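1. dropping a prediction and its sequence here:
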Amino acid sequence: MIEPVSLAKAHMECRYLKETVPVLIDLLAFEKVGEFPGEVTLKHPNTDWLIVVHEAGADAPVKQMHNHFGVRVATTGEVEAAYEYLSAHKEEYGLRQISKPLYNHGSYSLYFLEPGTNGWEIECYETFLRKETGEGMMGAVRASHWDSLLSPERFPGKGYVPQAFTHGTLACGDLKPSRDFCTQVLGLEIHRANENVFYVKHPREKCYVVYAIRKNWTTFSPRFRFTINLESKEAVTRAHRWLVESGKELGVTELGDLDETDGTVSLFFLSDPNRNWWEISSLS
Ligand SMILES: [Fe+2]
C-alpha cells in the first residue's frame, strides 16, 4: 500500500482560464499562488490543499454537476446571501444552473456551473453541527474546516465568506472497487455516508473527495484528477514499481510512466477501477 503524507491538490479542467479564474477568486475567495502557460494554481487562505486549473479550450467537455468541487461558509444565511449575489452577477461571470439553497445529506447548499464547465457547491453545516458531534462527523469531514474564521473584510461586499475549500467529487458506477482501491492502494481512509456515497481523505487532514454512484457517469481526461503526495522521490519510484507488477490485480485500469523529467519531483498518473484519475507525486 502507498503511504501518503497528504492529499495535496485537486486539478480542474476549464475551457478558458480568463473566464474561470475570476469566478474562483472573486466569488469563492481563492488566491492565485502560481502560474504557467495554460495553468493557474490557486489556494484558499484557510485550506492547505491547492487547486490547479488547466485550460483545455472550447472542446473541454461539460462536467456533470455530480463531478463538482465545494467551498464552505459558516452560516446558513450566507448560503442564501451567496444565492442572491451569484444570481445578481451571473451574466458578468457567465454562471449557469444556479440552484436555490436546499438541505441535502446534512449540508445546506447551492450549486452552480462556472463558464469553464465545472460545477461548484457553496455548502454549510451550521444546522447539522448544532445537533451532531459523534460518528456523523465522518472523521471531521463535516466538522469546521478552519481554525479561525476569515473576517468579512477579507471578502467584502457580498454577504458571504467562503471559509474553506473542502472537497471534490468523483462519480462512479460501483463503489466497492473504488472503496477498496482508496484504502488498499492509495492508503487513504474512507467514511461511508450512505449506500451510494463515501468520503475519502488523508487521516490527518479534513479536505476530502466524495465518491458517489451516479447513473450515466462520464470519465474525463487526466486534467481532472487529485494528487497524493508521498514523502520522497524514492517512495514514488517504489510505488510505481509495485503497481507495474501488481496494479492490474489491485484495480488499476491505467498506469502512466514514471515522470522524473522535472529533476526535483517524481510523479505518475493512474486511474482507479471506475477510471477516475489520480496523481502520485513526491513533495516538491
Ligand atoms: Fe458536494
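-> Received the coordinates, thanks.
2. buried residues, whichever strand or helix holds residue 82. List them.
-> Secondary structure here is read from DSSP states H and E; on that basis residue 82 sits in helix 76-88. Applying a neighbour-count criterion of 16 or more other Cβ atoms under 10 Å, the buried positions in helix 76-88 are 76, 78-83, 85-86. Every residue, glycine included, has its C-beta placed from N, CA and C.
3. tell me what that helix is packed against?
-> strand 107-113, strand 119-123 (3 or more Cβ pairs under 8 Å, 6 or more residues apart in numbering; DSSP states H and E).
4. which outside residues touch that helix?
-> Taking Cβ atoms under 8 Å, 6 or more residues apart in numbering as the criterion, the residues outside helix 76-88 that touch it are 27, 73, 93, 95, 98, 100-101, 108-110, 112, 122-124, 126-127, 158-161.
5. would you show me how to pick out the buried ones of the residues you listed in ChimeraX?
-> In ChimeraX, this line selects whichever of these come out buried by 16+ other Cβ under 10 Å:
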select :27,73,93,95,101,108,109,110,112,122,123,124,126,158,160,161
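6. near the ion too, which of the contacts of helix 76-88?
-> Applying Cβ under 5 Å from the ion to the contacts of helix 76-88, one finds that nothing falls near the ion.
7. contacts only, for residue 210.
-> Listed by Cβ under 8 Å, 6+ apart, the contact partners of residue 210 are 167-170, 193, 197-200.
8. and with 7 Å instead?
-> In this structure, residue 210 makes contact with 167, 169, 197, 199, judged by Cβ atoms under 7 Å, 6 or more residues apart in numbering.
9. sec struct for the first one, please.
-> This means residue 167. At residue 167, secondary structure determined by DSSP: H, G, I helix; E, B strand; the rest coil is strand.
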